[in-house]
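Undergrad: just coords:
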């Protein structure tokens, strides 16, 4: 069985400066399995990349993986502003 969380971690960790602040939370939705990336605010730009190219590429890889009978996977990059909106 494929470990998508480990795959995401392998792709993201070389891009960031603060790996100790990096965390992946798995959220099961009706249509998707979402992988919420929690990063140090200084690393968010590194993961997103210029014009979103880096995160778009990673999302494409993760979305394309589908095992029989399972949902598609989706990446959500969390930042402080997103977390505050969810708490309200």
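TA: Done, it's in. Model, not experiment: these values are computed from the prediction.
Undergrad: check contacts around the closest residue to residue 48 other than its chain neighbours.
TA: Counting by C-beta to C-beta, 6 or more residues apart in numbering, residue 48 lies nearest to residue 55, which is 4.8 Å off, once chain neighbours are set aside. Where you see a C-beta, it was placed from the backbone N, CA and C, and this is true even at glycine. By C-beta atoms under 8 Å, 6 or more residues apart in numbering, the residues touching residue 55 are 47, 48, 49, 75, 77.
Undergrad: using JSON lines, please lay out the residues you listed together with neighbour count, secondary structure and distance to residue 65.
TA: Listed next are the contacts of residue 55 as JSON lines, based on neighbours: other C-beta atoms under 10 Å; DSSP: H, G, I helix; E, B strand; the rest coil; distance: C-beta to C-beta, whole Å:
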{"residue": "47", "neighbour count": "19", "secondary structure": "helix", "distance to residue 65": "19"}
{"residue": "48", "neighbour count": "18", "secondary structure": "helix", "distance to residue 65": "21"}
{"residue": "49", "neighbour count": "14", "secondary structure": "coil", "distance to residue 65": "21"}
{"residue": "75", "neighbour count": "23", "secondary structure": "strand", "distance to residue 65": "11"}
{"residue": "77", "neighbour count": "19", "secondary structure": "strand", "distance to residue 65": "18"}
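Undergrad: can you tell me which of these is nearest residue 34?
TA: Minimum distance to residue 34 across the contacts of residue 55 is 7.6 Å, recorded for residue 75 (C-beta to C-beta).
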